[in-house]
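Visitor: below are the sequence and a predicted model for it; my questions follow.
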Amino acid sequence: MSGSDDDTAVVMARDLTKHFTVRRRAGRVRRDRVTVEAVAGVTFAVPRGTIVGYVGPNGAGKSTTVKMLTGILVPSGGEVRVAGLEPSRRRIELARRIGVVFGQRSQLWWDLPLADSFELARHLYAVPRSRHAARLTECVDLLEMAPFLQTPVRQLSLGQRMRGEIAIALLHDPEVLFLDEPTIGLDVVSKAKVRAFLADLNALHGTTIVLTTHDLGDIERLCSRLLIIDHGRTIFDGALNDLRDRFEPNRTLVVDLAAPQPALRIEGAQVVRVDGARQWLRFDRRTTTAADLVARVAVAADLVDLTVEEPDIEDVVARIYRDGSAAF
Amino acid sequence: MRGRLYWQLAKCGWRRQTTYRAATIAGMFTNSVFALVQGAVLVATLHAAGRRIGGYDTRDTLTYVWLAQALIGPLAIFGGTEIAERVQTGDIATDFSRPITLQGWWLSSDVGRAASAFVFRATPQFVIGAVIFTLAIPTSPVRWFAFALSVWLAVAVCFSLHFIADLAVFWTISPRGAISSQVLLMLALSGMLLPLGFFPTPVAHVLRALPWAAAVQGPIDVFLGHGNAGFSLLRQALWAVALLSAARAMAAAAHRKLVVQGG
């Protein structure tokens, strides 16, 4: 871990590609071989201790990337390093140092009580008994799993099972946790529990977390950094706020006036809606600050209350998906 | 350290098998009915042929029938591993994310499953036969020991044959062809439907040299005291080693070419 330019990067991908060969019908008997580029040159580095969200529409190449990072898939080209190892070549060594949760797959023994899978994990990762016990207690407490530890996995609800999946991926205290759609199908309460747990894990143990998701709530709650991939390419890499600034510079100032009045005429803003004494003013934060605007409104009218609305992250991402890299 | 892990995996396999009591009882019932029919047919054949074929008299034949049926459970003659299914659903990805080889994981749990099936399914199954008929039961402890060893080698051989057939799904998309061919070959060539001694001698010689014989006829020969037990065990051991190595190589090749279907 010395001398390289990615000293603090625990996960690194450079020009990473993966293509699959698919046979397609091209006549009665003839089959054409078609190459599908699932990942077409992705580059990023994840510093130790961060939580990175990896998002993109279905088929964008997210899961394929995660499988290459965890050594399950062999890349077609480019370079990958996780915890200093080349994943596909040193899969087993790497597996001891990372945790993986696939939201739609299970690591647990379907027919056996949850506790049996946890006990097996101790041997699988050769964790000393006392450390395993401490870690297990922590996970059971934080994820509130005590009531169903002895229940066969097949009888658990999805939310309970998913907590089990996350726990078993963490019992060996991995440096990096990969989560592929960890909150898929979960109800609001279960989602909140999972998110709070992951945030605590990152804060307490410094575990690096890479998660793919369609749920932007996961991103807003957890991720300091966001990677957006589409058609196998990275189209955004940065903080959530940068994303808003870059793709949606407009903000909305909502003002409650003392009495209803016609749409205000304020420099640097445009009234987009009037409802009784409430008015919505849209402004470009690159040219106007909210403070200036508030001052101007206060001069023009009797101001009672105000709020600034951030653009909905869902809308922003939906637009990026729709326009693809043309958004640049 | 690794040994403990394999032991734990075997325990999980054991516990998992014991979960399905109703299936065990249903299986025993089916196998018993089949054994009664098969026994009647083979004994009739035997009597038509002058009461002896290829070293089998009536008692050996009935013993063969009940023993072969009893071994169906531990050897999982009809059921393969779940690997093909897991490849199709994409669950195989989780298997590859564990710090253990695919074969190590599945073989260990299969050994546990087989042990449980031997105790809770094969043993009562054979006892049913022994209560109804007079069967040839070994009296020598050495023979029992050799039989136990032979059954374990058969489990390894059977596991490998299933494992290889299942892994074919990595190349063929649909696993059905390879798996049904494997089950068919197993039934036809292993001595499961007809003792290999009932085949014409030159054919029997060839069949005994094939891996399927090591799966079923091997342990039965040792139990009945047919042929040289040491030689039979050696042949089984060679097949077990060859097939386990082949399966291992194949799993490695499968990993290299892995395309997890369904993303």
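Guide: Ah, there it is.
Visitor: by mean pLDDT, flag the weakest helix or strand of chain A.
Guide: helix A:313-323 (a mean of 78; mean pLDDT, DSSP states H and E).
Visitor: wait, A:Leu226 sits on A:Val55?
Guide: Yes: contact criterion C-beta atoms under 8 Å: A:Leu226 and A:Val55 qualify, at 6.7 Å. In short, each C-beta sits where N, CA and C put it, glycine included.
Visitor: touching both of the two, which residues are there?
Guide: A:Ile219 (C-beta atoms under 8 Å, 6 or more residues apart in numbering or on different chains).
Visitor: all strands for the stretch 51-200 of chain B, in order.
Guide: Per DSSP state E, counting those that start in this stretch, the stretch 51-200 of chain B carries no strands over any range.
Visitor: which helices and strands sit right next to the least confident helix or strand of chain A?
Guide: Other helices and strands packing on helix A:313-323, by 3 or more C-beta pairs under 8 Å, 6 or more residues apart in numbering or on different chains; DSSP states H and E, are helix A:216-222, strand A:225-230, helix A:240-247.
Visitor: would you mind finding the most buried of these?
Guide: Highest mean neighbour count of the helices and strands packed on helix A:313-323: strand A:225-230, a mean of 22 (counted as mean count of other C-beta atoms under 10 Å in any protein chain shown).
Visitor: walk me through which strands that strand pairs with, and which way each runs.
Guide: Applying DSSP bridges, strand A:225-230 is found paired with strand A:51-55 (parallel), strand A:233-238 (antiparallel).
Visitor: lowest mean pLDDT across these, which one is that?
Guide: Least confident of the strands paired with strand A:225-230, judged by mean pLDDT, is strand A:233-238 with a mean of 88.
Visitor: which parts of that strand are buried?
Guide: Using 16 or more other C-beta atoms under 10 Å in any protein chain shown as the test for burial, strand A:233-238 gives A:Arg233, A:Thr234, A:Ile235, A:Phe236, A:Asp237.
Visitor: please save the CA atoms from it in PDB.
Guide: Output in PDB follows, covering the C-alpha atoms of strand A:233-238 (Å, rounded to 0.1, in the frame of the first residue of the first chain):
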ATOM      1  CA  ARG A 233     -20.100   5.000 -18.800                       C
ATOM      2  CA  THR A 234     -19.700   7.300 -15.800                       C
ATOM      3  CA  ILE A 235     -21.800  10.400 -16.500                       C
ATOM      4  CA  PHE A 236     -21.400  12.000 -13.100                       C
ATOM      5  CA  ASP A 237     -18.900  11.700 -10.200                       C
ATOM      6  CA  GLY A 238     -19.200  14.100  -7.300                       C
END
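Visitor: low pLDDT regions in the chain?
Guide: All of this is about chain A. A:1-7, A:324-328 (pLDDT under 70).
Visitor: I was thinking of chain B, sorry if that wasn't clear
Guide: Filtered on pLDDT under 70, chain B yields the residue ranges B:1, B:80-81, B:259-263.
Visitor: what's near enough to touch the residue nearest to the spatial centre of it?
Guide: When C-alpha atoms, centre = their mean is applied to chain B, the residue found nearest the centroid is B:Leu75 (2.8 Å). Contacts for B:Leu75 (C-beta under 8 Å, 6+ apart) come out as B:Ala114, B:Ala154, B:Val155, B:Cys158, B:Ala215, B:Val216.
Visitor: and the stretch 1-150 of chain B, which of its residues are near chain A?
Guide: Residues of the stretch 1-150 of chain B lying close to chain A by C-beta under 8 Å from any C-beta of the partner chain are B:1, B:4-5, B:8-9, B:12, B:15-16, B:19-20, B:90-91, B:93-94, B:96-101.
Visitor: for B:Leu244, which of the strands paired with strand A:225-230 is the nearest?
Guide: strand A:51-55 (39.0 Å; C-beta to C-beta).
Visitor: which residues does the closest one contact?
Guide: Residues from elsewhere that reach strand A:51-55, judged by C-beta under 8 Å, 6+ apart: A:46, A:62, A:65-66, A:198-199, A:202, A:208-214, A:216, A:218-219, A:222-229, A:317.
Visitor: stretch A:252-263 now?
Guide: By C-beta under 8 Å, 6+ apart, the residues outside stretch A:252-263 that reach it are A:269, A:271-272, A:274, A:276-283, A:290, A:293-294, A:297, A:301-309.
Visitor: quick one, what contacts B:Ser108?
Guide: Contacts of B:Ser108 (C-beta under 8 Å, 6+ apart): B:Leu5, B:Tyr6, B:Trp7, B:Leu9, B:Ala10, B:Gly13.
Visitor: in a strand, the fourth one, correct?
Guide: Read that as B:Leu9. No: B:Leu9: not assigned to a strand; according to DSSP: H, G, I helix; E, B strand; the rest coil it is helix.
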